[in-house]
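Undergrad: predicted model follows, preceded by the sequence.
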Amino acid sequence: MKKQTCTKIALFLTGIASRMTENADFFVCIDIAYKSGTKVFDAHIERDGADYIMRYNGTKTPISADCVAGVVSAECEKYDAVTVTYKERGATVTIDGSDRAVTTKQQDSANVVGETEVQSKRDYLIKVGAADTLLKEIGILGKDGKLKNDMTRKYSQIDHFVELVAPVIDALDRGKRICVLDCGCGKSYLSFVLNFYMRDIRKLDCRFIGIDYSETVIEASRRMAKNLGYNNMEFICADINSYTPNERIDMLISLHACDTATDMAIGLGIRSKSAAIIAVPCCHKEMLSQYDCAPIAPLISHPIFKARLADTLTDAMRTLMLEGKGYEVTAMEYISPLETPKNLMIKAVRKGGERADKLAQYRSMAELFGVRLSLEKYV
């Protein structure tokens with residue numbers, strides 16, 4: 001190729017180099033096909049820890065993002081044409097160059113649509129096709145790309161979770177990196193799916209931290225993140241109550257953290273002044289073991305009534321505490337109660353300072369029912 005052609009290719013590659021720097025956590029690879037007649041000579045640039053390496057002509061050479069444009073375009077002079085394919089999470093940029101023309105095009109990989117038999121009337125946010133790699137890794141799809149029969153309900157639940165959280169993400173989107181903390185993350189399925197939605201679909205700069213006391217599930221999450229190339233995720237083995245974030249937390253999520261673990265998560269969110277807190281509670285043992293109230297004693301004489309009221313009282317008092325700490329709170333059904341009775345979602349978005357009236361209401365309820373919840377010490 002002529003030098004003039006190579007100069008044009010270098011200009012396009014300069015934009016690629018900028019993306020490599022700005023979106024380093026989301027970089028996948030660069031594939032290069034140098035063409036001479038009918039022969040093709042391949043090169044490949046990939047991550048090597050925090051750096052990059054280039055594989056070409058049987059060699060493996062370190063290369064920086066700043067050098068990519070110069071190195072790749074200089075080699076173009078030896079060939080008739082070149083195709084450079086830059087891949088990052090959510091997008092692919094292709095540069096085709098020859099002496100006839102130099103063109104570039106970008107494809108949004110999140111717009112690939114696949115087919116599924118799951119609730120065809122529902123417009124899924126995390127679509128089969130675009131999200132196949134993710135859905136296979138977390139076990140929703142089989143190796144053949146088809147939805148597993150026993151995962152239909154879970155797939156719908158996960159997607160609905162994203163749908164409910166999307167308005168909160170809209171409120172957080174201010175052009176800055178969004179940091180999400182997943183408390184009691186387990187195998188982190190929700191974090192992986194939210195990560196895909198925020199980065200691959202919404203093109204948001206985001207980072208995820210998952211914490212859990214189980215080293216086994218933390219290692220499992222780390223393996224999945226590595227397999228997916230999700231370099232913007234970190235998983236830490238730690239106790240929720242003793243963990244202190246070393247960066248600003250924009251959104252804290254907690255799904256089915258058992259009993260007071262939900263209180264630990266809410267407390268951590270309040271202490272770290274998280275802009276949003278999303279909690280789906282699980283069992284409510286602490287309130288049940290404490291509360292009593294003489295005026296309604298006949299109503300809770302049957303254990304099942306007392307247990308159900310304990311669930312409602314616990315989450316209502318959690319809501320009061322969040323409101324007292326300056327959050328605007330919405331409580332809603334997350335999924336159908338036919339699927340699980342643990343279907344309440346508490347969405348809290350920080351709006352301002354403390355509200356003395358709400359904190360007074362919390363204390364009044366605690367006195368009325370004779371309880372002292374762990375939530376008080378965790379906040």
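TA: All right, it came through fine. Residues are numbered from 1 along each chain as shown.

Undergrad: assumed residue 161 was part of a helix.
TA: Yes. Under DSSP: H, G, I helix; E, B strand; the rest coil, residue 161 falls within a helix.

Undergrad: tell me how many other residues crowd the closest residue to it other than its chain neighbours.
TA: For residue 161, ignoring the flanking residues on the chain, the nearest one in space by CB to CB, 6 or more residues apart in numbering is residue 190 at 6.1 Å. Heads up, the C-betas are built off the backbone N, CA and C, glycines and all. Close neighbours of residue 190, defined as other CB atoms under 10 Å, add up to 25.

Undergrad: my guess is residue 75 contacts residue 34. True?
TA: Yes. If you go by CB atoms under 8 Å, residue 75 and residue 34 touch, sitting 6.6 Å apart.

Undergrad: anything in contact with each of the two?
TA: Common contacts of residue 75 and residue 34, defined by CB atoms under 8 Å, 6 or more residues apart in numbering, comprise residue 43.

Undergrad: next one: the residue nearest to residue 196 when sequence neighbours are not counted from residue 128, what distance?
TA: Spatially, and ignoring its direct neighbours in sequence, residue 196 is nearest to residue 134 (5.1 Å; CB to CB, 6+ apart). Distance of residue 134 to residue 128, computed by CB to CB, to the nearest Å: 10 Å.

Undergrad: also residue 240?
TA: Taken as CB to CB, the span from residue 240 to residue 128 is 34 Å.

Undergrad: for residue 139, see how far away residue 220 is.
TA: With distances taken as CB to CB, residue 220 is found 11 Å from residue 139.

Undergrad: what's the answer for residue 285, then?
TA: 30 Å.

Undergrad: same question, residue 275
TA: For residue 275 relative to residue 139 (CB to CB), the value is 31 Å.

Undergrad: neighbour count winner among these two?
TA: For residue 275 versus residue 139, neighbours defined as other CB under 10 Å are more numerous around residue 275 (22 against 14).

Undergrad: contact partners for the more buried one?
TA: Residue 275 touches 171, 172, 249, 250, 251, 349, 350, counting by CB under 8 Å, 6+ apart.

Undergrad: domain assignment for the chain?
TA: The record's domain parsing of the chain by automatic domain parsing lists 3-109, 132-378.

Undergrad: could you work out the end-to-end span of the longest one for me?
TA: The reference is to domain 132-378. Terminal residues of domain 132-378 lie 39 Å apart, using CA to CA, to the nearest Å.

Undergrad: any idea how far that domain is from the middle of the chain?
TA: Using CA atoms, centre = their mean, to the nearest Å, the mean C-alpha position of domain 132-378 is found 13 Å from that of the whole chain.

Undergrad: report the rounded mean pLDDT for it.
TA: Model confidence over domain 132-378, given as mean pLDDT, is 90.

Undergrad: repeat that for the first one.
TA: Averaged across domain 3-109, the pLDDT comes to 91.

Undergrad: and it, how far out from the chain middle?
TA: Using CA atoms, centre = their mean, the distance between the centre of domain 3-109 and that of its chain works out at 29 Å.
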